[in-house]
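Visitor: take this sequence and fold it.
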Amino acid sequence: MAETRTEALHRNAEGLDIQAPEAILASLVDAQVEAAKAVRNAIPSIAKAAEIIADRLNGGGRLAYAAAGSSGLMALADALELPGTFGIERDRIAILIAGGDEAFHTLAGGPEDDTEEAAAAVASAGIGKGDCLIAVSASGTTPYAVRAIEEAARRGAATIGIANNRDSALLQRAEIAILLETPPEVIAGSTRMGAGTAQKIALNMLSTLTAVHLGHVHDGYMVNLMADNIKLRDRAARIVAAVSGRGRDEAAQLLEKSGGAVKTAILLAAGADSADAARKILEGTGQKLRPALSALEHDPEKWNPLFGKDRARTKK
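Guide: Predicted coordinates for the structure are as follows:
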């Protein structure tokens, strides 16, 4: 097997084990920073991928992540946070990790070679036409990830590949290829380090831009968050207060009226007659808050199902 970039020795690695602890740590952090910078070159492909994911989710499809080892952990972290951060329903997200649940205890290397498990996982998750699968592999040759992307494509799903080696099998088979050409690791082949950092950044960017397309972000606020604990309920109230200009206590009351839905509460603050009316506005704007606020401001009667002619004249 030819040596790949992710297996090569870093230029600063010679004598690493006899250097002072501070020098070792300086090399490690510098390598992480260098790896993070590599993501910038992938911005065009990340943008295309986010558009595809948003299109599939808007159309009722699902998003699946497939990976092994430390790349699987990066994928898992991104996938698990989507419902809480952006309100994407949990049943719209599938997580396929080599080794299944056992991977969370041992992270053994063997399962990453199991191509049959990968194909079966894609089939079992029901991934197909209208869905999208993201496969992640530092080397770009991990059999599990490559087979998952092949099976997803065969079943009609859109496919996105994320890898750290140019011209790798995963990138060649993906509909959208995201190359994160990170430098060699300070500990050769330990791709949980620089390559993993770049993957985490790219996945964060990808899912965040997807959420923007879906209308779940407004002025840098996560306006579709799932407020299921004390911290997030407080955050939701602060978001409603910040966007609407209302006080914190009033924002909390509006959230109660909206059933905890941030966008709905903001529209109530902006003058929507009821939570139902606010939800209808959002339906009409594809769940995007900014055009919903604009519609409410410029033509409230159009969006208020409770308006009658007499009431309309009174408000004028």
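Visitor: would you mind measuring from residue 203 to residue 64?
Guide: Distance, residue 203 to residue 64, using CB to CB, to the nearest Å: 13 Å. Any C-beta I mention is one placed from the backbone N, CA and C, and that applies to glycine too.
Visitor: common neighbours of those two, please.
Guide: The contact sets of residue 203 and residue 64 overlap at residue 134 (CB atoms under 8 Å, 6 or more residues apart in numbering).
Visitor: among the two, which residue is more densely surrounded?
Guide: Taking neighbours as other CB atoms under 10 Å, residue 203 and residue 64 compare with residue 64 leading, 26 against 23.
Visitor: my read: the more buried one touches residue 126, true?
Guide: No. Assessed by CB atoms under 8 Å, residue 64 is found out of contact with residue 126, at 9.3 Å.
Visitor: how many neighbours does residue 223 have?
Guide: As a burial measure, residue 223 scores 27 neighbours (other CB under 10 Å).
Visitor: pick out the least confidently modelled helix or strand of the protein, by mean pLDDT.
Guide: Lowest mean confidence among the helices and strands of the chain (mean pLDDT, DSSP states H and E): helix 309-315, at a mean of 34.
Visitor: need the residue closest to the centroid of the protein.
Guide: The residue lying closest to the centre of the chain (CA atoms, centre = their mean) is residue 207, at 2.3 Å.
Visitor: so that one: helix, strand or coil?
Guide: Following DSSP: H, G, I helix; E, B strand; the rest coil, residue 207 is assigned to helix.
Visitor: ok, it touching residue 83?
Guide: No. Residue 207 is not in contact with residue 83 according to CB under 8 Å; the separation is 11.3 Å.
Visitor: and stretch 56-75, end to end?
Guide: 18 Å (CA to CA, to the nearest Å).
Visitor: where do the strands of the chain begin and end?
Guide: Listed in chain order, the strands found in the chain under DSSP state E are 63-67, 93-97, 132-137, 158-163, 176-179, 217-218, 221-222.
Visitor: ok, the last one: who's next to it in the sheet?
Guide: Yep, that's strand 221-222 we're talking about. Strand 221-222 has the following strand partners under DSSP bridges: strand 217-218 (antiparallel).
Visitor: how far off centre is the partner strand?
Guide: 14 Å (CA atoms, centre = their mean, to the nearest Å).
Visitor: same check, this time on stretch 200-209
Guide: The answer for stretch 200-209 is 5 Å, by CA atoms, centre = their mean.
Visitor: which residues touch that stretch?
Guide: 36, 39, 42-43, 46-47, 49-50, 53, 74-75, 77-78, 81-82, 86, 134, 136, 160, 162, 178, 180, 217.
Visitor: I'm done for today, thanks for sticking with me.
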